[in-house]
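In: A predicted structure for the sequence below; I have some questions about it.
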Amino acid sequence: MPSISPTANSITILAVALPIPLYRTFDYLPPLEINVATLEPGQRVAVQFGRRALTGIIIEIKDHSDFPIKKLKPVKQLLDQQPILSPSILSMAKWASQYYCHPIGEVLFAILPPILKQGQPINIAGTQRWSINKDHIEPAENAIKPNAKKQLQLYRALENAPNGLLEETIKLLGFTSTQLKSLFNKALIVSEELDALTAAATEYQASAPPLPLSEDQTVAVKQLASDIGNFQCTLLQGVTGSGKTEVYMNLVDQVISAGRQAIILVPEISLTPQTLARFQRHFKCPIGTLHSGLNQNERLTSWELARQGAAKIIIGTRSAIFTPMKNLGCIIVDEEHDNSFKQQEGFRYSARDLAVTRGHKEKCPVVLGSATPSLESINNVLNGKYKKIALPSRAGGASFPDIELLDIKSRPLEGGLSRPLIDTIKQHLDNQHQVIVYLNRRGFAPAITCEDCGWLADCRHCDARMTLHKHPAHLRCHHCDYSAAIPSQCPDCQSTNIKTLGAGTEKAEETLEAIFPETPIIRVDRDSTRKKNAMKDLVEEVNKGNPCILVGTQMLAKGHDFANVTLVAVVDADGGLFSADFRALEKTAQLLIQVAGRSGRGSSKGQVVIQTSHGDHPILQQIARGNYPQIADELIDERQSAALPPFSYMSLLKAEAPHINNAIGLLEKTKKMVADMALDPQQTVELLGPIPASMSRKAGVHRAHLLLSSENRVALQRITQHICHWLNDNRWGKTRWMIDVDPIEIN
Ligand SMILES: Nc1ncnc2c1ncn2[C@@H]1O[C@H](COP(=O)(O)OP(=O)(O)OP(=O)(O)O)[C@@H](O)[C@H]1O
Ligand SMILES: [Zn+2]
């Protein structure tokens, strides 16, 4: 008998990922009248799902289905002629879906640009290239009004760019369409229309000559560049102000020369316009950005240009780790210790950890940079998984600031500030320097109380106090955003003796304004920087170098490089010292060393004053010595003896319900299921709880936790996955559940 080829009458089934919260793909038949040979994983399809029309992505092409073939529907339409997601991105998404126990369809839809999720075609807009009008002979000053300083600046920027500047670049430099239009109306500048690919290939002169690298920087670049073409993860541990950005840029130069592309992840792009501006000055090619401040077309353009290999550099926040790159040459994660690399909602992934996974899959070097690396990364150096390169001194001849602890136990405070601190601030201002006052609480005061009966203004929807804001005057909950009027009388005893407790940035600002009426006080927090470009304008103002006081939250600690700041004052260092969170000391040390590192980065020596009521706390003592590696060593020892991460692994199962009993009940059933099914015969995974979350009611919902912890990552993964599939297969009424693998906050 002749054998029948298995493919002769085989059938083609498409496994399609849909944006549905289920741990599975859905089988469809190929679209009618399509040559199945043209179908590939990574193409989008339009399908009917029940009564809904959805966009999906082909994940797999197979020859069988677990469902009766007769019941399968054909795909309605093939949306892409070519896959829009490469095999490597698909494979990373599948890996992440498994590892983080999140449905594959939701993972893919979390990483696609919004326009593509909606099933629309990839159409990227062209752009304008602007340059000065050479036919305009009169000096530009004559045409530009003296008070239109920005217009003149823009004109000068274009004058210095012989090949012109793309509209995106101009916007990245902080200029607006209105300013462009004004210059255009005066016939000072001209524009030409470019399609996106030509625009991305445009080379213009780098506007700043590169700095000559220090010996340490040279060695670092050389070592990192030697890994191009291979996977190697390196921790670049460079003290604050050591010139890590310069190292990144020189590495990326070599990556581009090798014909490859680079991804640079930064914690929050809107907070670091300076980093972007420095890249912009250094590179001759346009730089693609990906972050939440972009509109849908801008996002799609950067994404598509990266995919086509035209954009050589992508700078973005955490989700940029999923950017498809035609020829990825390196991934850099700047401030790798920063919590914002962990997504805390929905698909909870760590962009830093995925950077390492992706580097491994795509055989390219990964650089994790920080002055205060996470204990996880330091431990990975200790156990030989990562290489380490150190930059032990500051670049450009700057020296380290002196750090002193100022005891405020029995001192009177004005807006949180003690007299000796105020005197020190005055000295620095008198010396024509700038001062940072760091206070990690926005608003005027974190609570209000009745002096007579002790009443406190609580949020109606959360187990939390309402924060008093003055501009405009109201009470606001920082957890659910509920706002209310400020009561003039105590609702319990009708007393009018209502007082504020503690100080936030608004109060410190008000106090400083009263003490230093001649000095500009610039508040930097989420409230003051809400407007687009607010941060950029502020950075520009500070960079002029005039004496001023910056008062703000941890936004001020992130990566800024203000040359004239010589004093950093920490209003209250005690918040993180006695927390139940096992990561609190690590986070406190990182934050304080980072904020201290903003001082004395230029030619003048810096000073740091840390106000505390616990000056004898060992961590503060060590912070005052500025020795982060030593702090990290000790914290690692403590973690090891307590078998806490990175020496064990965790996943956090969370439940939310209208009543706490339902949330706890779901977690108890889960725990019982694990025991009944003997999922963990060797008892390698510990199930702690269930307990109510530390803020057990948030936005009107009751929350509870079950913590899974194990020194055996594989066992933990297996049980976590089993739990999630079991929960996913059952219905739980109004109780919702979610899983956080490798949680960084357990509250
Ligand atoms: N080789 C060099 N020569 C002179 N100046 C340099 C050199 N390298 C860097 N600098 C300058 O030193 C300052 C600090 O550099 P950079 O901001 O890159 O430090 P960093 O390591 O990223 O610091 P942080 O971790 O605190 O953000 C910058 O103003 C930069 O221009
Ligand atoms: Zn609230």
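Out: It's in. Ligands and ions are numbered 1, 2, ... in the order given.
In: now residue 708, what's its secondary structure?
Out: strand (DSSP: H, G, I helix; E, B strand; the rest coil).
In: that one: how many residues sit nearby?
Out: 26 (other Cβ atoms under 10 Å). To be clear about C-beta, it is placed using only N, CA and C from the backbone, and glycine gets the same treatment.
In: could you do residue 461 as well?
Out: With other Cβ under 10 Å as criterion, residue 461 counts 16.
In: can you pull the contacts of it?
Out: 477, 480, 482, 697-700 (Cβ atoms under 8 Å, 6 or more residues apart in numbering).
In: can you narrow these to ones near ligand 2?
Out: 477, 480, 482 (Cβ under 5 Å from the ion).
In: among the residues you listed, which has the minimum pLDDT value?
Out: pLDDT is lowest at residue 480 among the ones next to ligand 2 among the contacts of residue 461; the value there is 91.
In: roughly how far does that one sit from residue 89?
Out: According to Cβ to Cβ, to the nearest Å, residue 480 and residue 89 sit 36 Å apart.
In: against ligand 1, how distant is residue 240?
Out: Applying Cβ to the nearest ligand atom, to the nearest Å, the value for residue 240 to ligand 1 is 3 Å.
In: what do you get for residue 580?
Out: 29 Å.
In: again, but for residue 603
Out: From residue 603 to ligand 1 the distance is 11 Å (Cβ to the nearest ligand atom).
In: quick check: that residue touching residue 399?
Out: No: between residue 603 and residue 399 there is no contact under Cβ atoms under 8 Å: 9.7 Å.
In: what bits of the stretch 501-650 of the chain have low per-residue confidence?
Out: Nowhere does the stretch 501-650 of the chain drop to pLDDT under 70.
In: my bad, should have said the stretch 201-350 of the chain
Out: 201-208, 270-272.
In: which residues in it form helices?
Out: Per DSSP state H, counting those that start in this stretch, the stretch 201-350 of the chain carries helices over the ranges 215-225, 244-257, 273-282, 296-307.
In: need those helices in TSV (columns: mean neighbour count and distance to ligand 1).
Out: TSV is the format used below for those (neighbours: other Cβ atoms under 10 Å; distance: least, Cβ to the nearest ligand atom, whole Å):
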stretch	mean neighbour count	distance to ligand 1
helix 215-225	18	6
helix 244-257	22	3
helix 273-282	19	7
helix 296-307	22	23
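In: just put those helices in CSV and tack on distance to residue 542.
Out: Below are these laid out as CSV (distance: least, Cβ to Cβ, whole Å):
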stretch, distance to residue 542
helix 215-225, 25
helix 244-257, 18
helix 273-282, 10
helix 296-307, 27
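In: can I get those helices in a markdown table including distance to ligand 2?
Out: As requested, the helices of the stretch 201-350 of the chain are exported to a markdown table (distance: least, Cβ to the ion, whole Å):
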| stretch | distance to ligand 2 |
| --- | --- |
| helix 215-225 | 46 |
| helix 244-257 | 39 |
| helix 273-282 | 32 |
| helix 296-307 | 31 |
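In: what about the strands in the stretch 151-300 of the chain?
Out: Ranges of strands within the stretch 151-300 of the chain are 165-166, 189-194, 232-238, 261-265, 288-290, based on DSSP state E, counting those that start in this stretch.
In: one step back: neighbour count winner among residue 480 and residue 89?
Out: Neighbour comparison, residue 480 and residue 89: the larger count goes to residue 89, with 22 against 17 (by other Cβ under 10 Å).
In: gap between that one and residue 389?
Out: 29 Å.
In: then residue 635?
Out: Residue 635 is 22 Å from residue 389, where distance means Cβ to Cβ.
In: which residue sits closest to residue 240, ignoring its sequence neighbours?
Out: residue 597 (2.5 Å; Cβ to Cβ, 6 or more residues apart in numbering).
In: residue contacts, that neighbour?
Out: 239-241, 371, 401.
In: farthest pair within those?
Out: Checking the contacts of residue 597 against each other with Cβ to Cβ, the farthest-apart pair comes out as 371 and 401, at 13.0 Å.
In: out of the two, which sits in the more crowded spot?
Out: Neighbour count, other Cβ under 10 Å: between residue 371 and residue 401, residue 401 has more, with 25 against 22.
In: can you list the domains in the protein?
Out: In terms of domains, the chain is parsed into 13-117, 127-194, 215-396, 398-444+503-639, 649-741 (source: automatic domain parsing).
In: that older thread, filter the contacts of residue 461 down to the ones in strands?
Out: Counting by DSSP state E, the part of these found in strands is 697-698.
In: dump the contacts of residue 461 to CSV, plus distance to residue 364.
Out: Putting the contacts of residue 461 into CSV (distance: Cβ to Cβ, whole Å) gives the following:
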residue, distance to residue 364
477, 44
480, 42
482, 46
697, 46
698, 40
699, 41
700, 46
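In: and the contacts of residue 461, which are buried?
Out: Among the contacts of residue 461, those classed as buried by 16 or more other Cβ atoms under 10 Å are 477, 480, 482, 697-698.
In: burial of the closest residue to residue 148 other than its chain neighbours, as a residue count?
Out: Of all residues not flanking residue 148 in the chain, residue 182 sits nearest, at 7.1 Å (Cβ to Cβ, 6+ apart). Neighbours of residue 182 under the rule other Cβ under 10 Å: 19.
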